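> what shape does this take:
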Amino acid sequence: MPTRATPAQPGRSDGRPQNKILASLPADDFARLQRHLRMLPVALKQTFHVAEEPIREVIFLNGGVASITTNMRDGTTVEIATVGHEGFLGVEAFLGNGIAVGHSRLQVPDTDAGYLPVAVFRAELERRGPFFDGVQRYSQALLKLMMQSAACFAVHPVRSAAADGC
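Residues are numbered from 1 along each chain as shown. Below is the predicted model:
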C-alpha cells in the first residue's frame, strides 16, 4: 500500500527552495535548473534510490532527513550517512558511474524535494560554475563525514543494545 505524502514545507519568501545548494545559486543558474526540477512532496519511509540500481534523478531535499543505508552480508541494515536540506541524494551521479551504493529513504518527513534528471545534473556540472562548486563542496563534506564515522567506529567500541539485555 503506498504511503501518503506529507504536506510540503513552505518555500522561501524569494520563491527559492530551502535546499542550500539550490538556494545559493545565482539567479541565472537557478533559472536554468528550475525548468527541469520537479518539486514533489515526499513521505516518511519513501525510497529515493535502491542499491545497485541506476540513479535516474538527483534529489534535493527542502527539509527532513533521509538515510543512506547499506545491507551487510548477514542481512543487517546499517545507516552510512544522513542527508538533509544541506545537500543532495545521488552523490554517485557526481562521483562515479551513477549506480546507487546504498538505499536512500526519508526518515524525517513534512517536506518536499526537487527531482533533477541525472543528464541535466551532469550537463550543469560540465559548466564548472557555482552549481559544480556547491555539489563538489557538499560531496567532499559527505565523504569526510563518512570517513570520520568509520574512524570513530574503528577506535571507539560500540556496545550492542542486545548485550545490555535490551
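
> for the chain, which helix or strand comes out least confident on mean pLDDT?
Sorting the helices and strands of the chain by mean pLDDT, DSSP states H and E puts helix 130-155 at the bottom, at a mean of 89.

> report the buried residues of that one.
Going by neighbour count (16 or more other CB atoms under 10 Å), the buried part of helix 130-155 is Pro130, Phe131, Gly134, Val135, Tyr138, Ser139, Leu142. (Each C-beta comes from the backbone N, C-alpha and C, glycine too.)

> contacts only, for the fourth one.
Listed by CB atoms under 8 Å, 6 or more residues apart in numbering, the contact set of Val135 reads Ile21, Phe88, Phe94, Leu125.

> same deal with Thr47?
By CB under 8 Å, 6+ apart, the contact list for Thr47 reads His103, Ser104, Arg105.

> for those, which single residue is the most surrounded?
Counting neighbours by other CB atoms under 10 Å, Ser104 leads those with 24 neighbours.

> all strands of this structure, in order?
38-42, 47-49, 57-61, 65-71, 77-83, 103-108, 111-117 (DSSP state E).

> wait, which of those is closest to Asp28?
strand 111-117 (16.6 Å; CB to CB).

> what about the closest one, distance to the chain center?
In this view, strand 111-117 has its centroid 10 Å away from the chain centroid, taken as CA atoms, centre = their mean, to the nearest Å.

> other SSEs contacting that strand?
Applying 3 or more CB pairs under 8 Å, 6 or more residues apart in numbering; DSSP states H and E, one finds that strand 111-117 makes contact with strand 38-42, strand 57-61.

> one step back: of the strands of the chain, flag the one that's most buried.
strand 57-61 (a mean of 25; mean count of other CB atoms under 10 Å).

> helices or strands up against it?
Using 3+ CB pairs under 8 Å, 6+ apart: strand 57-61 touches strand 111-117, helix 118-126.

> strands paired with the shortest one, and their directions?
For strand 111-117, the paired strands and their directions (DSSP bridges) are strand 38-42 (antiparallel), strand 57-61 (antiparallel).

> quick one: pLDDT of Glu92?
With respect to pLDDT, Glu92 scores 95.

> separation between it and Val155?
28 Å (CB to CB, to the nearest Å).
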